[in-house]
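Enquirer: Give the three-dimensional model of this entry:
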Amino acid sequence: MREQGVGLGIIGLGFMGRRYARFVNQLEGVSLAGICDVDGDLAREVAAEYGGAVYPDIDALVRAADVAGVIVATPEDRHLEPAVAALAAGKPVLVEKPVAHSMEAARAIEEAAMRAGVPVLVGHLLRFEPRWAGAWRRIAAGEIGEVVSVATRRIGNVGDQRVLRGRTTLPLYYGVHDLDVMRWFAGAEATTLYARRRSGSVRAAGYDVDDLYVAVLTFANGALGSAELGWCVPEAAAAARTAGVLVVGTAGVIEIDQLETGLRRWAGGGEDPGVDAMFWPETYGVPGGALALEIAHFAECVRGRAEPAIALAEAVEALRLSLAMEASARSGSVVDLATFGRV
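Expert: Numbers count the residues shown, from 1 in each chain. Sure thing, here's the model as predicted:
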């Protein structure tokens, strides 16, 4: 029989919340203690499939004795209430990225965490993907010398909007990943950011969001960064290689093709774009990949045996850079990061 493990509660059962529920239900060392969603029928459906008690509201879940830690998987504009409620109850929190939708909300979560004195882990999944974590270790060890540039690309396809339905922006949804990676790999804070954007194909599909952002960043150590973000790849080309990073140093280069896993499948006249071997694969019913590592790490934080791999302040900085990208694209001017979004 599987050990009961650390009891985790999940608030929000959308695309990621339901995936968290499945993984927590299957992983050793953790158990699904409770779930809560504004859609009660959905919560009962998930409980029937994966177990866990259904709680009628946030307060009931965070106060439950068998809930040792709380996963907040609501949309980012609804992170504040459940995160603060869990922290007020003294429960460690794993909150999906971005940490919040605004600097005001992010600071409120920081203040609640400081008062509670319990860990907050923000779900920046690339921090737990072995290729990205391995690249950082090599950069930090000086294997490619001083970092000269970090170039990222993350371009989804128009079909992403069947899930997102225009509810968020490219910098908040995709950019927060890569802007965090940039400062992680550059080993310095960004000082300026300049961005441009375009729109067309996604709006033609009925969603009032932009297609593409391109940004250039400077870092305090002299490194340069460039980020290309989009969800404008035509569905006919959905399997195109459109995500990864290139880091150039004074003594070497590191490159990751995020979508190249060594596992490819062709069916129905084209390559299947949905084959995942890195982020949330399952083998014989055992979950793996970056998501399993993230949940296992959170459980160690709940037990008090680890500190969050990404500090809450780092996640707040990734949000600030994402909001700066939006602001620069709106104004058409360079954003001075020494002052943008500061108290």
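
Enquirer: Run through this structure and note the low-pLDDT ranges.
Expert: 1-4, 273-274, 343 (pLDDT under 70).

Enquirer: What is the longest helix anywhere in the chain packed up against?
Expert: Assignment by DSSP state H gives helix 312-331 as the longest helix of the chain. The contact analysis (3 or more C-beta pairs under 8 Å, 6 or more residues apart in numbering; DSSP states H and E) places helix 312-331 against helix 103-116, strand 120-123, helix 176-186, strand 190-198, strand 212-219, strand 335-336. The C-beta positions use only the backbone N, C-alpha and C, and glycine is treated the same way.

Enquirer: what about Ser149, how many neighbours?
Expert: 17 (other C-beta atoms under 10 Å).

Enquirer: I should have written Ile256 there, sorry.
Expert: Neighbours around Ile256, by other C-beta under 10 Å: 19.

Enquirer: swap in the one 5 residues further on?
Expert: Burial of Thr261 is recorded as 14 neighbouring residues (other C-beta under 10 Å).

Enquirer: give me the number of residues near the residue nearest to it when sequence neighbours are not counted?
Expert: Once flanking residues are discounted, Thr261 sits nearest to Ala277: 4.0 Å by C-beta to C-beta, 6 or more residues apart in numbering. Per other C-beta under 10 Å, the neighbour tally for Ala277 reads 13.

Enquirer: contacting residues around Ala277?
Expert: Under the criterion of C-beta atoms under 8 Å, 6 or more residues apart in numbering, the contact list for Ala277 reads 261-263, 289.

Enquirer: Just the ones in helices from the residues you listed, please.
Expert: Gly289.

Enquirer: before we move on, the earlier item: can you say which of the helices and strands packed on helix 312-331 is nearest to Asp37?
Expert: strand 120-123 (17.6 Å; C-beta to C-beta).

Enquirer: Parallel or antiparallel, which strands does the closest one pair with?
Expert: Paired neighbours of strand 120-123 in the sheet (DSSP bridges): strand 93-96 (parallel).

Enquirer: three-state assignment of the closest residue to His177 other than its chain neighbours?
Expert: Leaving out its chain neighbours, the residue that sits closest to His177 by C-beta to C-beta, 6+ apart is Leu126, at 5.6 Å. Three-state assignment for Leu126 (DSSP: H, G, I helix; E, B strand; the rest coil): helix.

Enquirer: Now for Leu126: which residues touch it?
Expert: Leu126 neighbours (C-beta under 8 Å, 6+ apart): 132, 177, 180-181, 290.

Enquirer: Over to Asp59?
Expert: By C-beta under 8 Å, 6+ apart, the neighbours of Asp59 are Ala85.

Enquirer: ok, back up a step: how about the longest helix of the chain: buried residues?
Expert: 312, 314-329 (16 or more other C-beta atoms under 10 Å).

Enquirer: Hmm, Glu300 is touching Glu307, no?
Expert: No - the pair Glu300 / Glu307 is not scored as a contact, 9.2 Å apart, by C-beta atoms under 8 Å.

Enquirer: out of those two, which sits in the busier spot?
Expert: Glu300 (17 against 11).

Enquirer: May I ask which helix or strand encompasses the more buried one?
Expert: helix 289-303 (DSSP states H and E).

Enquirer: give me phi/psi at the residue nearest to Thr261?
Expert: When read as degrees, to the nearest 10, the backbone of Ala277 gives phi -120, psi 10.

Enquirer: For Ala306, see how far away it is.
Expert: 26 Å (C-beta to C-beta, to the nearest Å).

Enquirer: before we move on, the earlier item: next one: the residue nearest to His177 from Ser199, what distance?
Expert: 26 Å.

Enquirer: what's the closest non-adjacent residue to Pro308?
Expert: Leu121 (4.1 Å).
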